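Colleague: Fold the following for me, if possible:
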Amino acid sequence: MPNIEQTFELIRQAQAGDEAAKTALLEQNTPLIKSIVRRYINKQIEYDDLMQLGRLGLIKAINNFDLNYGVRFSTYAVPMIAGEIKRYIRDNGAIKVSRSIKSQNMQLNAFIEQYRAENSKDPTLEQMAEHLQVDTTELVFIMDSSKYPVSLYAENDEDGLCLMDRISTKGSPDDYIEKIVLRQIIDTFDERDKKIIYLRYFRDETQSEIAKKLGVSQVQISRLESKILERIRKELV
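Modeller: Okay, the predicted model is just below:
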């Protein structure tokens, strides 16, 4: 993947009318578009149509991006891509989320209502994420797919902060983008590598413990982990 300077140079060229530079940016950001599009797949909108909307959003981001913003292009592009898809969904009434999202919506609504009844206040973002066993970025997408008793911008009586404020305090926009891209990268791994990443970094198991479960030596796990991490680093650069 190109570094920031190379990306900025392509943006300069694209904004000056270089179609080849624009095509290069579209190709480089296809994984990012796919990561966003997956959240909006439903039976009423074809995948190819969603991808086209995502590309249109990216082109708008290219045309409007100010190199003096002081942020990565991907940070700026994500809301532009999602916005283009959301506008189409809103204007065409094509709102139909997957069964799994619907199920999570119902679980979250029930949890919020129960928590309010027992505690006379809204649950925190972390409590909702823990209840659904998802991370906070995943929770945002779930909440954004439907209207909830708790708004992303509703202020908390205790500290005056809204949920979006809390999200932003957990990391920079770049951290958020990297999580999306990281998930897309890990999705390409085979089952063995996925299991190593899961056990090592989500279950906090040692290389020796993982080696026993997979029936290999600790040295092999060490080598495999190094290769996996190197692959991720190259993709995230």
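
Colleague: domain assignment for the chain?
Modeller: Annotated domains of the chain cover 4-92, 99-169, 189-236 [automatic domain parsing].

Colleague: Would you confirm that Gln107 contacts His131?
Modeller: Yes: in this structure Gln107 lies within contact range of His131 using CB atoms under 8 Å: 7.4 Å. Every residue, glycine included, has its C-beta placed from N, CA and C.

Colleague: More neighbours: these two, which one.
Modeller: Legend: neighbour count by other CB atoms under 10 Å for Gln107 and His131, higher for His131 (18 against 14).

Colleague: Ser208 contacts Gln218, doesn't it?
Modeller: Yes: with contact defined as CB under 8 Å, Ser208 reaches Gln218; the gap is 4.8 Å.

Colleague: higher neighbour count, these two?
Modeller: Gln218 (14 against 11).

Colleague: how much space between Ala20 and Gln13?
Modeller: 8 Å (CB to CB, to the nearest Å).

Colleague: Give me the more crowded residue out of those two.
Modeller: Neighbours of Ala20 and Gln13, each counted by other CB under 10 Å, are more numerous for Gln13; the result is 16 against 10.

Colleague: Please name the nearest non-neighbouring residue to the more buried one.
Modeller: Ala21 (3.6 Å; CB to CB, 6 or more residues apart in numbering).

Colleague: Measure how buried that neighbour is and give me the count.
Modeller: Ala21 has 18 neighbours, counted by other CB under 10 Å.

Colleague: From Glu27, how far out is it?
Modeller: Using CB to CB, we find Ala21 at a distance of 11 Å from Glu27.

Colleague: what does Ala211 give?
Modeller: Per CB to CB, Ala211 is found 39 Å from Glu27.

Colleague: What segments of this protein are helices?
Modeller: Here the chain has its helices, by DSSP state H, at 4-15, 19-28, 30-37, 47-64, 73-92, 99-119, 125-132, 136-144, 163-169, 173-186, 191-201, 207-214, 218-236.

Colleague: Which of these has the lowest mean pLDDT?
Modeller: When those are compared by mean pLDDT, helix 163-169 comes last with a mean of 45.

Colleague: residues contacting the residue located most distally from the centre of the chain?
Modeller: Centroid-distance maximum for the chain: Ser217 at 34.3 Å, with CA atoms, centre = their mean. By CB atoms under 8 Å, 6 or more residues apart in numbering, the contact set of Ser217 is Ala211.

Colleague: So what's the residue count around the closest residue to Leu56 other than its chain neighbours?
Modeller: Nearest residue to Leu56 in three dimensions, chain neighbours excluded: Glu84, at 5.4 Å (CB to CB, 6+ apart). Applying other CB under 10 Å, we find 22 residues neighbouring Glu84.

Colleague: Would you mind stating the distance between Glu84 and Ala77?
Modeller: 11 Å.

Colleague: shared neighbours, those two?
Modeller: Here Glu84 and Ala77 have Gly57 as joint contacts, going by CB under 8 Å, 6+ apart.

Colleague: quick one: Leu10 and Leu26 touch, right?
Modeller: No: in this structure Leu10 lies outside contact range of Leu26 using CB under 8 Å: 10.3 Å.
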